[in-house]
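Participant: sharing a model prediction with you, sequence too.
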Amino acid sequence: MKTIPPALQTHLDSGTTTLAWCWRITRTDGTSFGFTDHDRLLAFDGTEFEPESGLTASEIRSGADLSVDAQDAAGALRSDRITEADILDGRWDNAEVELWRVNWASPTQRLLLRRGAIGQIRRGRYAFVAEIRSMSHLLGQTVGRTFQASCDAALGDARCGVDLEDPAYRGTGIVIDGLRDRAFTASGIASFAPGWFRFGTLTWTTGPNAGRRAEVLAHDRSDGIAVITLLEAPIRPIGAGDGFTVRAGCDKRIATCGGKFGNVVNFRGFPHIPGQDTILRYASQDGGHDGGVL
């Protein structure tokens with residue numbers, strides 16, 4: 001239940017209101033932004049809310065159950081701080097959102113109506129619609145470990161323990177030529193065996209995509225030259241001379257963990273659980289059904 005501050009309640013009871021919507025958005029990289037549908041700059045709590053940013057709010061939908069409530073924020077790509085490239089690059093995905101109702105004539109009179117996160121973003125040529133999900137969407141996310149044969153740790157994290165800065169698992173290269181929008185030949189990493197960087201990560205160090213990170217789908221070699229294929233095409237085209245750092249990948253199997261990284265002691269899967277062939281096995285007359293180890 002929301003408790004309206006007395007000063008704001010008095011303003012609402014006056015019959016003539018001066019209200020505006022304000023959004024404070026904090027991206028996962030820690031950068032905060034403020035937007036308002038008012039025509040003047042508003043400021044409170046250390047945030048300046050940009051006017052005429054193109055954002056407009058839909059109706060607020062709320063329920064008494066634990067389903068995910070949602071509101072849409074539609075807008076044109078008018079703000080210099082909301083760029084199509086950043087939307088496509090995923091920089092606004094899962095950003096934290098605060099929705100305020102503010103008396104623009106006296107911003108101290110305000111009420112926080114909702115907290116949530118940006119979900120699906122649909123975009124057109126000149127505009128976008130961002131879904132603002134309520135905090136209950138967190139209840140639908142998997143928490144804890146999963147009983148599975150493959151490892152559930154992220155390669156290089158504290159649970160895994162592999163040092164991806166080791167030269168054996170890290171390479172630096174330069175794009176020679178682009179083959180497709182997400183594939184290219186590269187110099188500097190020819191000494192690594194084909195497939196070494198498959199399922200790994202690539203971070204662009206120079207060029208128009210500098211600072212962006214991508215997942216590696218395939219790592220091959222053709223006529224002694226390394227060929228890298230990314231899972232998704234970068235926002236900006238790959239060009240000859242672009243520099244990158246690429247780190248080894250893992251397919252989460254215990255054989256790879258031991259053979260490639262020598263790290264079976266930290267393997268976070270359950271490789272000996274029975275598979276589907278065991279579950280679907282039927283009785284036969286050839287023995288082997290004495291309760292012993294399969």
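Facilitator: That came in fine, so what should we check first?

Participant: quick one, phi psi at the closest residue to Val264 other than its chain neighbours?
Facilitator: Distances taken as CB to CB, 6 or more residues apart in numbering put Gly258 closest to Val264, at 4.4 Å, once the chain neighbours are dropped. In this view, the C-beta of every residue, glycine as well, is placed from N, C-alpha and C. Note on Gly258: its backbone torsions stand at phi -80, psi -50 [degrees, to the nearest 10].

Participant: against Phe267, how distant is Gly258?
Facilitator: Noted for Gly258: a distance of 8 Å to Phe267, by CB to CB, to the nearest Å.

Participant: who's more crowded, those two?
Facilitator: Phe267 (19 against 13; other CB atoms under 10 Å).

Participant: isn't the more buried one right up against Ile254?
Facilitator: Yes. Shown here, Phe267 and Ile254 form a contact pair, counting by CB atoms under 8 Å, at 5.4 Å.

Participant: hey, what's in contact with both of the two?
Facilitator: The contact sets of Phe267 and Ile254 overlap at Cys151 (CB atoms under 8 Å, 6 or more residues apart in numbering).

Participant: can you pull out the low-pLDDT segments for the stretch 101-250 of the chain?
Facilitator: 120-130, 134-142 (pLDDT under 70).

Participant: how does it look with 80?
Facilitator: Within the stretch 101-250 of the chain, the ranges that satisfy pLDDT under 80 run 118-145.

Participant: contacting residues for Thr47?
Facilitator: Thr47 sits next to 24, 32, 34 when contact means CB under 8 Å, 6+ apart.

Participant: give me the buried subset of the residues you listed.
Facilitator: Among those, those classed as buried by 16 or more other CB atoms under 10 Å are 24, 34.

Participant: tell me which of the contacts of Thr47 is nearest to Leu41?
Facilitator: Using CB to CB, Gly34 comes nearest to Leu41 of the contacts of Thr47, at 9.2 Å.

Participant: quick one: that closest one is in a strand?
Facilitator: Yes. Counting by DSSP: H, G, I helix; E, B strand; the rest coil, Gly34 falls inside a strand.

Participant: Gly46 is in contact with that one, correct?
Facilitator: No. The pair Gly34 / Gly46 is not scored as a contact, 9.6 Å apart, by CB under 8 Å.

Participant: domain parsing for the protein?
Facilitator: The chain breaks down by automatic domain parsing into domains covering 6-140, 170-247.
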